[in-house]
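Peer 1: sequence and predicted structure, then a few things I'm wondering about:
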Amino acid sequence: MGPGTTWYIAVAAVLFGIGTTGVILRRSPLIVLLSLEIMLNASNLALVGFSRHFGSVDGQIFAICVMAVAAAEVVVGLGLIVAFTRRGMSLDVDTVTELRG
Amino acid sequence: MLTNLLILLPLIGALVVWVSPLPREATAALAVLIALTEVAVWIVMVAGFDFASPVLQDGAQREWFGDLGVTYHVGFYGFSLWLAGLTVVVGAAAIGFGAWVGRERARAYFGLVLFLIGAVVGVFSSQDLLLFYVFFEMMLIPIYILVGVWGGPKRASATIIFVIYTMAGSLLMLASIVVFGLSQGTFSLIDSGTSNNDWVFLGFLIAFAVKAPLLPFHGWLRTAYTEAPPEIAALLSGVVSKAAVYGLLWILLRHFPEPVDDWRTVVLVLAAAGLVYGSLLAFRQPDVRGVIAYSSMGQMSLIVLGIFATNDLGVSGAILHSVSHGLVSAAMFLLAAMLIERTGTDRFADLGGMAKGRPALATIVMVVGMLTLAVPGSANFAGEFAILAGVFYEGWGYAAIGAAAIVLAAMYTLRLISGILHRAKGDAVRAESLDLRLGELALLVPLVAILLALSVWPSAITEHSFPSAPPVAEASE
Amino acid sequence: MIAGAWLCLLAPLAGALLITLAGTHISRSTAAWVSTGSVFVGFAGALVAFIQIAGENPDDRSHLSTAYTWLGIGQFEVPMQILVDPVSLVMMMIITGVGGLIVWYSVGYMKGEDEERRYFAYMAFFVFSMLMLVMGGNLLLLLVGWGLVGLASYLLIGFYHDRPEATAAAKKAFIMNAIGDAAMALAFFLLISQTGTLSYSENFEFASTGALPTSTMNLVALGLLGGAIAKSAQLPLHTWLPDAMEGPTPVSALIHAATMVTAGVYLIVRTHDIFEAAPNVQHLAAIIGGLTIIVAGVIALVQWDIKRVIAYSTMSQIGYMFLAAGIGSYGYAMFHLFTHAFFKALLFLAAGVIIHHLAGEQDVRRMGGLKSVMPYTHAVFLIGALALAGIPPLSGFWSKDGIISAALADGGALGYTLVALGLVGALLTGAYTFRLYYLVFHGEPSELVLEHAGGHGSDHAHGAESAVGHDEHAHSEGPLSMLIPVGILAVLSTIAGFLAIPGVWEPFLHWIDGVAEPLVVATVSQDYATSAIAVVLAGTGIWLAQSAYRASEDLVAEGRIRTILEHKLYFDELYDALFSRPSELVANLLREKVEEPVIQGSLGEIGAGVREAGGGTARLQTGLLRSYALVIAVSVVILVVVFVAVR
């Protein structure tokens, strides 16, 4: 049998919380990216958990899609970070405020 | 089927013009060709049209959002076919003018004008409220860009003002459409019944009052008509404003009998005031386009008077006057453009004395001027007469104000004619400011010819608009 | 018959269109002859119709011919139709006959003028419009013709469009007439709302059976009267006519003497059923006419412009016609219209010959002694002047005295007042006409006249071509195309009066009676009594003018009265203060105090408001990614909470 669906969701929620906290609190873009990955995988876990619960494969397929997107995102994110270091800019997300209105 | 063609031809034409990498002249020629084909399609439609039948003709229907009761449903009645005819003819003249002066960025320009024509035809043919709204908003996009990019020096503020006004009106209308459609269970203009909800009525009314424009909602008019390229101003005042006529007539009169009764006095008073206000201001404008702009406001107020007379005479007169005013104001704007091309200005202070040695220009200005002031015997006169005779039933005061406004119209139009043609030669009028050339005559003469033909036989429109009674729902007691 | 009438209507229109469309492809003289020819073709058509109708039973002479529905809306239908009956036939023959002569005259008068083609196109268009007015078979077509003649008049008054006075005069004429049109249109709206139709016969039926309340009929008749006095330059809408003399002289002859200005009289005769149902309004027409006779007559006494004197005399004579129509003597109203068309056209054209000869001079103070230089013109002018003054046996005598005797027959306070006004008018007519005659033709030739007496014509104001045309001058007084029409009109002015000799032979009156039965008929003794008095008064007027001229004085001595008259009783000043200025003031006020600050100004406010709001919102955009993320997270939490709570 193993643990019930509730546990999967609980773990996913905890992971998601950790990830969110990381994104909001940490300054290093590298850690922010890491936290983002944690959030994504938290949702993946939830998807797979529900998928098992309802006996449908939809969620699992969706989780695979999310992984692919996450991989792509990491590639872009890491590329940006490399570009940052090359230009000698500080690795602090608070100094990047180009989006300011 | 033909209706679909009439709507889609300019829209597809717009796409073709946008994407085909043709040089400027070829693009212009292609656009003119499409516009003329559009006119031909319209003529074919008129030839096959049964004006005695009160049902929708050349209809086409497709489910769109089934669960919301929204359909793509288009087709024509007698009166809307005339409005569509006005659109395609004035549209062709505008495109012709654009080609004649060789507008910059031709592909974008002609594509947008074609798109505008398609949208307006869509407005006049739609039988579904949401579809009507879509076309109504579609008109806005090309106008916005055309005025903003190809307009005069103050085009930026003109477009912003225009958009703020019309968007405010449109949003109210959207809210009204949603409420009305949901309460009726359908958005179809044919199937839905009547409503007595004042707020819904007012939402529509304000949207159309902005479009027309009626008295306090006309703030956009002066700058938009002056800053727009003249041929776009011709489309704006001649054609786009008639979307309000269609809306007032086909939505409000048919579906809101009680609010129409309750608010009639308000609308009539506003329209009568707008008629006098526009005519008086037209009398003091320093330039040709200013006069036409405010005169348009006056004439549109007159048309609204006719519609809210809600009787045979008023409503049929309003349709006739819509068509003849559309043609005449388009011709006027094109003339103003040709003047500007010759002299660099359309201010009366710098013009004058152009009749000498320019017989074609003098003749056209005089004829169009006389049609503008609705000289008895003209189609414009027939329309005005019917409107005022119709509104007389609602109160002699409106007719009296209308008659006074006819005198005012005579005053400002004669001032306009004299300002261009008569007195001593103005500073801006040089010897090389030539008479109208063949290409320009080819644009103006058809407009004038149609107006003269309508003057000989105004019944062509009045007897072929509403086969049975006018579209006025009876207010239940 | 009907075909002839349609031909009469359409031939001048075809002429006008042909000249307009042909543009410079036809020569100037071709345009002139096309115009003249088309009007004469119209006359032929009218003649054919006349001959056939004259042969018909007098009770059966009214024919309505419908071509198609011009304006049809539901139950309301206005057909394009013409009405051919004795009254419209008289008008048709005057319009095309006198009109044809005047257009023919213009061939010589306008020769060498710039834009000659335009002139002839306008003239043919005017004839068409005027025919439309009199032939239109219902009230709306009457209004159409009414407006179109106003347009033609505007175009022709402003023909010399580089002269600011001409343009201003043209505008004034059009706007005054537009006021009249508006009054008529209102009357029609009222009729439509009551009877639902604008057909003559049905409305006359309603009027004569008393089916409509008197108040309605009064308003309708007032509206019609408003149109009539504007078009016919009667008090108080008369100020445009003297200014209209800015147009070429043949135009003054055709439009502002013979035809268009008499349209008001035609209107009253045509719609006499409506006026009879509103007797007070009909009497008002008579009173207005009577007052105009006097006012125009006294103003004419002090004018120096040859054409303005004749213009005021036209107003005064139309006053007689209004007087006649107002008391219901329709036959004499039409008869005076008929004779007046001849002798007034004659006077204008003769004046035109003089003006042409003197290179455009119109001031009588610079004329004088023309009798010896222009004997032919002198003779025809004298015929016209005598006819105008009402000296027997010339035509004006028969028609004018018929009107005065009809007023006498009407009796009562109104009738006797009108008789008095008419008789004073006869005195004034004699005085101002012969003041003009003596100033122009008698005495020593002035410098200007001498200058043009010998090698005249070489320095015409009418351009270089007149020197070329000079060879055609068989007569030293002008080209034949001018002199022949003038001669024909002189003959007509002499003999036209014999169509209504009281008690002896009155075919003209019987002709009109078939359409409009007169309300008053004078006895033969009344006729002769008034005639005798009127002729004596006219003779007195002539004698006054002559003795004043002999004494080298003007009829009205310098002083306050003369100043008032020279200002034309201050009507222009009054209208300026009452209407022109206030409307300009209101327009300016609206523009400066409402449109610009409120409507356009509020736009600025809206724009500023939007910009400010945008600035405020922009401050929220810190650009800090972490704060964005926080906002998103908090929003999600709130949404979830709300979602759960609402469930």
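Peer 2: Yep, it's here.

Peer 1: number of nearby residues for the residue in the stretch 1-150 of chain C that chain B sits nearest to?
Peer 2: Closest to chain B within the stretch 1-150 of chain C is C:Gly147: 2.6 Å, counting by C-beta to the nearest C-beta. C-beta: built from backbone N, CA, C; applies to glycine. C:Gly147: 28 surrounding residues under other C-beta atoms under 10 Å in any protein chain shown.

Peer 1: helices of the stretch 201-350 of chain C, start to end?
Peer 2: Remark: helices assigned in the stretch 201-350 of chain C by DSSP state H, counting those that start in this stretch are C:214-231, C:240-243, C:249-253, C:263-270, C:272-276, C:279-300, C:306-327, C:330-357.

Peer 1: for those, give me JSON lines that also has distance to B:Ile417.
Peer 2: Compiled in JSON lines, the helices of the stretch 201-350 of chain C are given as follows (distance: least, C-beta to C-beta, whole Å):
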{"stretch": "helix C:214-231", "distance to B:Ile417": "21"}
{"stretch": "helix C:240-243", "distance to B:Ile417": "17"}
{"stretch": "helix C:249-253", "distance to B:Ile417": "19"}
{"stretch": "helix C:263-270", "distance to B:Ile417": "24"}
{"stretch": "helix C:272-276", "distance to B:Ile417": "35"}
{"stretch": "helix C:279-300", "distance to B:Ile417": "30"}
{"stretch": "helix C:306-327", "distance to B:Ile417": "25"}
{"stretch": "helix C:330-357", "distance to B:Ile417": "27"}
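
Peer 1: re the thing from before, now the residue of the stretch 1-150 of chain C closest to chain B: which helix or strand?
Peer 2: helix C:139-157 (DSSP states H and E).

Peer 1: following the chain past that helix, name the next helix or strand.
Peer 2: helix C:164-195.

Peer 1: so what's the backbone phi/psi at B:Leu205?
Peer 2: phi -60, psi -40 (degrees, to the nearest 10).

Peer 1: just checking, what packs against the helix or strand where B:Ile161 lies?
Peer 2: Per DSSP H and E, B:Ile161 falls inside helix B:155-184. With contacts taken as 3 or more C-beta pairs under 8 Å, 6 or more residues apart in numbering or on different chains; DSSP states H and E, helix B:155-184 sits against helix B:129-150, helix B:198-211, helix B:221-227, helix C:601-620.

Peer 1: and that helix, average pLDDT?
Peer 2: What helix B:155-184 shows for mean pLDDT is 87.

Peer 1: hmm, back to that, flag every buried residue along the helix holding C:Gly147.
Peer 2: C:139-157 (16 or more other C-beta atoms under 10 Å in any protein chain shown).

Peer 1: which stretch of helix or strand covers the residue in the stretch 101-250 of chain B positioned nearest to chain C?
Peer 2: Distance from chain C to each residue of the stretch 101-250 of chain B (C-beta to the nearest C-beta) is smallest for B:Gly219, at 4.6 Å. Taking DSSP H and E as the definition, one finds B:Gly219 inside no helix or strand.

Peer 1: that one: how many residues sit nearby?
Peer 2: Neighbour number of B:Gly219 under other C-beta under 10 Å is 22.

Peer 1: might you list the low-confidence residue ranges for chain B?
Peer 2: B:469-477 (pLDDT under 70).

Peer 1: how about it: which residue is closest to chain A?
Peer 2: Closest contact between chain B and chain A, by C-beta to the nearest C-beta, is at B:Ile160 (19.7 Å).

Peer 1: quick one: residues contacting that residue.
Peer 2: By C-beta atoms under 8 Å, 6 or more residues apart in numbering or on different chains, the contact list for B:Ile160 reads C:Gly607.
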